[in-house]
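1. With the sequence up front, the predicted model follows.
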2 protein chains.
Amino acid sequence: MAGTDRTQESMTGGPRVILVEPQLGENIGAVARAMLNCGLDRMTLVNPREEWPNQRAVTMASGATQVLDNAVLCDSVEDAVAGLTTVYATTARPREMSVRVVTPRQAGSEIRDAEARGETVGILFGPERSGLVNEHVVLADTVITVPLNPAYSSLNLAQAVLLVAHEWFTAGDGTPPDQMSTPGTWPAEKHELIALFERLEQGLEEGGYFRSPDLRDTATRNIRAMLQRARLTEQEVRSFHGMISALTRSWQHTQNAKRRRGEWPEDETAD
Amino acid sequence: MAGTDRTQESMTGGPRVILVEPQLGENIGAVARAMLNCGLDRMTLVNPREEWPNQRAVTMASGATQVLDNAVLCDSVEDAVAGLTTVYATTARPREMSVRVVTPRQAGSEIRDAEARGETVGILFGPERSGLVNEHVVLADTVITVPLNPAYSSLNLAQAVLLVAHEWFTAGDGTPPDQMSTPGTWPAEKHELIALFERLEQGLEEGGYFRSPDLRDTATRNIRAMLQRARLTEQEVRSFHGMISALTRSWQHTQNAKRRRGEWPEDETAD
């Protein structure tokens, strides 16, 4: 059990990311960054090819050094998974073994469930060039295969970790998928909008925008639909009133100038 | 419209990835790789800081050069979005504007829908250090904010592109989330399993594994549940028969040897 610390497995903090024989310190650093982006901070290194600790890893980690500082070094994958109850192996779909294969999304959700039951979970990632060998894949319960463009599916190590880790993060994240962000203000109440519509329509009426009562109904409906769709805030309703005032003044200003020059007033109405 | 080619927008191939003032050629190359991983090949560069074409971009693209070769160069974000109907801006949640904010997952699904209607879609990504400025954010319909660990949310450019692009890919991908991969074989039919169970139980009976009829029922149930859970293939059922035969021979072999040495036969039964 060289270097493993089973007591760490009782920490919260998501699944352990186990890099099997990683080749480059840079990649280990990039993995640390991707992990911490997604709230993961437990890393195990099985026989890294370069010396450890590694300065290039620190540089590439861009401040995610807590992940590197706490990384556990192991001599074998068997040691790395010893204290875990559930292990996933990331690899292209295996051709020589009958195994269960899940997407990163399915794995993210399953891992959250396993952690909620108190299980300890790890995810194996193979060396950059070759990926995991089958003897390491069979130390896992389940394979994760990342669906990608079949014509170009080689993913670098940190990118693979990012996609899998972010699915774990997302499975526990409550961010609304679709929201209005209205800092310092609030969506307008409907009476504010209706007052705005009426003010606008009155100004348009006075300006001769509506050619006939029939056109007026259609045009009014279309304008209201357009402004409803914009989901105005109460602040924007106030701004809109100000814009109507300014345009009215501008029009009066232009018309007065034209009259002073003896020209005809403009005639721009609804089509 | 310097360098834009509106006819390209009618191609299929997913949303256009628009990098605004990218600083490093390496990052443009890494973006190209992440894009092609997810089936995207249309990139626009708005005022890249380094010269273009760029050898470091080619090196980092790891073969995704088709993306670089087809990249469109623009002088302004206005030009870059000119031929598009729907634009997303990736940024941290804006603090000074009222905007619609969606997750990458929501965006992936919406973009698929928009493309199915024939719309042309682009996604803006800002410079590495600073991200998009507000005057560019407001050229978009909607903001994409990637939910991340709030304590460590700085994502590099290629990682941001990967997470957003992969959601677009996944929204159109039919990979079953959870499947058994059984290359060259097939899940066993139940009659094969039941025959295996009966063979195994008979062997255990003969070997004295069951101490009493009561224990026999419980133990049999547990063994069957354990083997059901493994979802054996028909090939594995055959292997299992072979293992029972080998173990039976092994036991006979041991017992015969013990008898020859005048020792008592073993007694290992169910608990």
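-> Received the coordinates, thanks. Numbering: from 1, shown residues only, chains lettered A, B, ... in the order given.

2. got a list of what A:Y88 touches?
-> Neighbouring residues of A:Y88 by Cβ atoms under 8 Å, 6 or more residues apart in numbering or on different chains: A:15, A:102, A:107, A:111, A:121-124, A:140-144. C-beta: built from backbone N, CA, C; applies to glycine.

3. and the helix or strand hosting it, which strands flank it?
-> Element membership for A:Y88 (DSSP states H and E) is strand A:86-90. In the sheet, strand A:86-90 lines up against strand A:121-125 (parallel), strand A:142-144 (parallel) (DSSP bridges).

4. So which other helices or strands are in contact with the helix or strand A:M226 falls within?
-> For A:M226, the host element (DSSP H and E) is helix A:213-229. Under the contact criterion of 3 or more Cβ pairs under 8 Å, 6 or more residues apart in numbering or on different chains; DSSP states H and E, helix A:213-229 touches helix A:190-206.

5. just the angle between the helix it packs on and helix A:213-229, please?
-> If you take axes from the mean of the first three to the mean of the last three Cα atoms, to 10 degrees, helix A:190-206 sits at 140 degrees to helix A:213-229.

6. Quick one: distance of helix A:190-206 to the chain centre.
-> 39 Å (Cα atoms, centre = their mean, to the nearest Å).

7. List the buried residues of it.
-> Neighbour-count burial for helix A:190-206 flags A:192-193, A:196-197, A:200-201, A:204 (criterion: 16 or more other Cβ atoms under 10 Å in any protein chain shown).

8. For chain B, what's the nearest residue on the stretch 151-271 of chain A?
-> Going by Cβ to the nearest Cβ, chain B is nearest to A:P177 of the stretch 151-271 of chain A, at 3.8 Å.

9. contacting residues around that residue?
-> A:P177 makes contact with B:102-103, B:105-106, according to Cβ under 8 Å, 6+ apart.

10. on that earlier part again, of the buried residues of helix A:190-206, closest to B:L215?
-> Closest approach between those and B:L215, by Cβ to Cβ: A:L193, at 75.6 Å.

11. sorry, back to before: same list, the contacts of A:Y88, but as CSV with neighbour count, pLDDT and distance to B:N222 please.
-> Formatted as CSV, those follow (neighbours: other Cβ atoms under 10 Å in any protein chain shown; pLDDT from 0 to 100; distance: Cβ to Cβ, whole Å):
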residue, neighbour count, pLDDT, distance to B:N222
A:P15, 26, 98, 29
A:V102, 20, 97, 27
A:A107, 26, 98, 28
A:I111, 24, 98, 27
A:V121, 22, 97, 25
A:G122, 25, 98, 27
A:I123, 28, 98, 30
A:L124, 26, 98, 30
A:A140, 24, 97, 24
A:D141, 16, 96, 20
A:T142, 17, 97, 23
A:V143, 23, 97, 27
A:I144, 26, 98, 30
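
12. Give me the contacts around stretch A:108-119.
-> Against stretch A:108-119 from outside (Cβ under 8 Å, 6+ apart): A:12, A:14-15, A:85-86, A:88, A:102, A:121, A:123, A:142, A:164, A:167-172.

13. Swap in 6 Å and give it another go.
-> If you take Cβ atoms under 6 Å, 6 or more residues apart in numbering or on different chains as the criterion, stretch A:108-119 is touched by A:15, A:85-86, A:121, A:167-168, A:171-172.

14. which of the residues you listed count as buried?
-> Neighbour-count burial (16+ other Cβ under 10 Å) is assigned, among the contacts of stretch A:108-119, to A:15, A:86, A:121, A:167-168, A:171.

15. and the gap between A:E96 and chain B?
-> For A:E96, the distance to chain B equals 7 Å [Cβ to the nearest Cβ, to the nearest Å].

16. If you tally nearby residues, what's the number for that residue?
-> 9 (other Cβ atoms under 10 Å in any protein chain shown).

17. likewise A:N256?
-> Neighbourhood size, A:N256 [other Cβ under 10 Å]: 11.

18. in a strand, that's where it is, yeah?
-> No - under DSSP: H, G, I helix; E, B strand; the rest coil, A:N256 sits outside any strand and is assigned helix.

19. hmm, which two among the contacts of A:P177 are most spread apart?
-> Applying Cβ to Cβ across the contacts of A:P177, the maximum distance is between B:V102 and B:R105, 8.3 Å.

20. shaky segments in the stretch 1-150 of chain A?
-> Low-confidence segments of the stretch 1-150 of chain A (pLDDT under 70): A:1-12.

21. Write out the residues of it neighbouring chain B.
-> The stretch 1-150 of chain A comes close to chain B at residues A:36-37, A:39, A:93, A:95, A:98-103, A:106, A:147-149, as judged by Cβ under 6 Å from any Cβ of the partner chain.

22. Take those residues and keep only those in strands.
-> Residues of the residues of the stretch 1-150 of chain A next to chain B located in strands (DSSP state E): A:99-102.

23. neighbour-wise, which of the residues you listed leads?
-> Neighbour-wise, those (other Cβ under 10 Å) top out at A:V99, 22 neighbours.

24. That residue is in contact with A:I144, isn't it?
-> No - under the criterion of Cβ atoms under 6 Å, A:V99 is not in contact with A:I144, lying 10.7 Å apart.

25. on that earlier part again, which one of the residues of the stretch 1-150 of chain A next to chain B sits closest to B:E21?
-> Nearest to B:E21 among these, counting by Cβ to Cβ, is A:N37 at 22.9 Å.

26. Quick check: the closest one touching B:P150?
-> No - under the criterion of Cβ under 6 Å, A:N37 makes no contact with B:P150, lying 10.6 Å away.

27. quick one: which of the two has more around it?
-> The neighbour comparison of A:N37 against B:P150 (other Cβ under 10 Å) goes to A:N37, with 26 against 7.

28. Just checking the distance from the helix holding A:M226 to the centre of its chain.
-> On Cα atoms, centre = their mean, the centre of helix A:213-229 falls 37 Å from that of its chain.

29. Straight-line length of stretch A:32-45, end to end?
-> 11 Å (Cα to Cα, to the nearest Å).

30. So what touches that stretch?
-> Applying Cβ under 6 Å, 6+ apart, the contact partners of stretch A:32-45 are A:13-14, A:16-19, A:61-62, A:64, A:66-68, A:71-74, A:80, A:158, A:161-162, A:165-166, A:169, B:148-149, B:152, B:155.

31. Return a ChimeraX selection command for the buried portion of those residues.
-> Here is the ChimeraX selection string for the buried members of the contacts of stretch A:32-45, based on 16+ other Cβ under 10 Å:
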select /A:14,16,17,18,19,61,62,64,67,68,71,72,73,74,80,158,161,162,165,166,169 /B:148,149,152,155
